[in-house]
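A.B. asks: model this:
(one chain, ligands or ions: 1)
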Amino acid sequence: MDQHLWPYRTPGIPDDLFVRDESVPITKEEVRVIALSKARLREGYRVIDVGSGTGSISIEAAIQVGSTGRVYAIDRDADAIALIRENARRFSITNIEVVQGDAMDVLPSMPEADAVFVGGAGGRMYDIVRLACTRLRSKGRIVVDTIMVESMSSALSAMYDLGLEDVDVTQVVVAKGRRISTGTMLIARNPVLIISAEKP
Ligand SMILES: C[S@@+](CC[C@H](N)C(=O)[O-])C[C@H]1O[C@@H](n2cnc3c(N)ncnc32)[C@H](O)[C@@H]1O
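C.D. replies: Have a look, this model is predicted:
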């Protein structure tokens, strides 16, 4: 893997390095860093990224798990699939398998994973978290990120109903400095909810 665009193992690839499209919202750099930290990835891990969008989480995870690990990037949207492929090429990442389809249909055929990210569920968060957990090994971790309070609630209900451990809810509120004529002002971004847990 020749990551000439991001030659580091540390997460936090600048958003501008990804090829993007207005119709596919990216999980922003600072949120991504926290979401990745909640998954506690290691070299050789197998990761599933549900609703992988531009592939930003998948690509960062692929770098974390290294060439002995593998990432399965699932998205139902054809534009997103094209973006993931393009971004994987851009970062010279070869340990990502891109899968087009609805997570409800695709997850049952996924291999057992050490970690699952859920970045999009299309209103089916409860079912997708439950199904995703069937693919998780014992002590594997699931990390959901969402801007919707209903999705947070559904993810939490699924995690509690499944008896997951170490359930954590973190709200990430980021403001970024922007240079103006009189100095640097902070521009607020939408809060994002990160819900994570571990399978017993
Ligand atoms: C907010 S974007 C994900 C952002 C992504 N983490 C990134 O950084 O680009 C949500 C994605 O989830 C996908 N999605 C929503 N519901 C889905 C489902 N049921 N199955 C598969 N993909 C789904 C959408 O097509 C969209 O690309």
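
A.B. asks: Under the pLDDT cut-off, which ranges of the protein? List them.
C.D. replies: Within the chain, the stretches with pLDDT under 70 are 1-3.

A.B. asks: List, one by one, the residues from it near the ligand.
C.D. replies: 24-27, 51-54, 56-57, 74-77, 80, 102-103, 119-122, 124 (C-beta under 6 Å from any ligand atom). (C-beta placed from N, C-alpha, C; glycine too.)

A.B. asks: In PyMOL, select just the buried ones from the residues you listed.
C.D. replies: Remark: buried members of those, expressed as a PyMOL selection using 16 or more other C-beta atoms under 10 Å:
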select buried, resi 24+26+27+51+52+53+54+56+57+74+75+76+77+80+103+119+120+121+124
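
A.B. asks: Just the residues of the chain next to the ligand: which are in strands?
C.D. replies: 74-75 (DSSP state E).

A.B. asks: Leaving out sequence neighbours, find the closest residue to the residue of the chain at minimum distance from the ligand.
C.D. replies: Relative to the ligand, the nearest point of the chain is residue 120 (1.9 Å; C-beta to the nearest ligand atom). In space, residue 120 comes closest to residue 51 once its chain neighbours are excluded; the distance is 2.5 Å by C-beta to C-beta, 6 or more residues apart in numbering.

A.B. asks: next one: residue 188
C.D. replies: Using C-beta to C-beta, 6+ apart, the closest residue to residue 188 is residue 175 (4.7 Å).

A.B. asks: Any idea how many residues pack against that neighbour?
C.D. replies: By other C-beta atoms under 10 Å, 10 other residues sit near residue 175.

A.B. asks: With residue 43 instead?
C.D. replies: Neighbour tally, residue 43, other C-beta under 10 Å: 11.

A.B. asks: Strand partners (parallel or antiparallel) of the top strand by length along the chain?
C.D. replies: The single longest strand within the chain, with elements called by DSSP E, is strand 136-146. Using DSSP bridges, the strands paired with strand 136-146 are strand 113-118 (parallel), strand 192-198 (antiparallel).

A.B. asks: And the contacts of stretch 122-139?
C.D. replies: Residues from elsewhere that reach stretch 122-139, judged by C-beta atoms under 8 Å, 6 or more residues apart in numbering: 48, 50-51, 76, 102-104, 107-108, 110-116, 118, 121, 142, 144, 146, 150-151, 154-155, 157-159, 161-162, 164, 198-200.

A.B. asks: same check, this time on stretch 8-26
C.D. replies: With C-beta under 8 Å, 6+ apart, stretch 8-26 has contacts from 5-6, 28-30, 32-33, 36-37, 53-56, 59-60, 63-64, 77, 79-80, 83, 86-87, 90-91.
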